[in-house]
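# Generate coordinates for the sequence data below:
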Amino acid sequence: TDAMALMEQARRLLPDVESVRELCDGIRADRAAGEAWQRRVAACEGAFHRVPAVEVKFDAFERQTQQMAEEQAQKLAECSRQVGSCAARASVAEAAASRFEMSLASAEQRL
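Have a look, this model is predicted:
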């Protein structure tokens, strides 16, 4: 009879046990989701802490790029000056060649 009473009590508690089991499963799932969010937040915070180092690198890169642009501008200006100088010398050479051709033509006519 004690066994029967115990079995009857267990039978009555069985739906409650199933509810408790479902609640426990839900709690485990919520806990796993919470831990996943904590890991994601920690990863974001880690990325956030790296921002100043990236900014320093970016600033250095920006300065280096600016310096290179200035150097290239100076080289371009120098090349432009040299092209102008070469053009002037070419004009002088062309004028001299033209005068030579005229004097040569004049000499040929005299001969």
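# Please compute how far stretch 6-14 lies from its chain's middle.
Averaging C-alpha positions (CA atoms, centre = their mean, to the nearest Å) puts stretch 6-14 66 Å from its chain's average.
# what do you get for stretch 101-111?
With CA atoms, centre = their mean, you get 70 Å for stretch 101-111.
# How about residues contacting it?
Where contact means CB atoms under 8 Å, 6 or more residues apart in numbering, no residue beyond stretch 101-111 reaches it. Where C-beta positions appear, they are placed from N, C-alpha and C, glycine not excepted.
# Pull out the buried positions in that stretch.
By 16 or more other CB atoms under 10 Å, stretch 101-111 has no buried positions at all.
# State the number of residues packed around Leu76.
10 (other CB atoms under 10 Å).
# wait, I meant Val83
The number of residues near Val83, taken as other CB under 10 Å, comes to 10.
# start at 10 instead
With the count now opening at 10, the last piece we talked about shows up as Val92.
# Distance of it relative to Arg98?
According to CB to CB, to the nearest Å, Val92 and Arg98 sit 11 Å apart.
# Ok, Gln76 next?
33 Å.
# got it, and Arg49?
70 Å.
# likewise Glu79?
29 Å.
# what's the helix or strand for the residue most central in space within the chain?
Most central in the chain under CA atoms, centre = their mean is Phe67, positioned 9.6 Å from the mean C-alpha point. Counting by DSSP states H and E, the element that carries Phe67 is helix 11-119.
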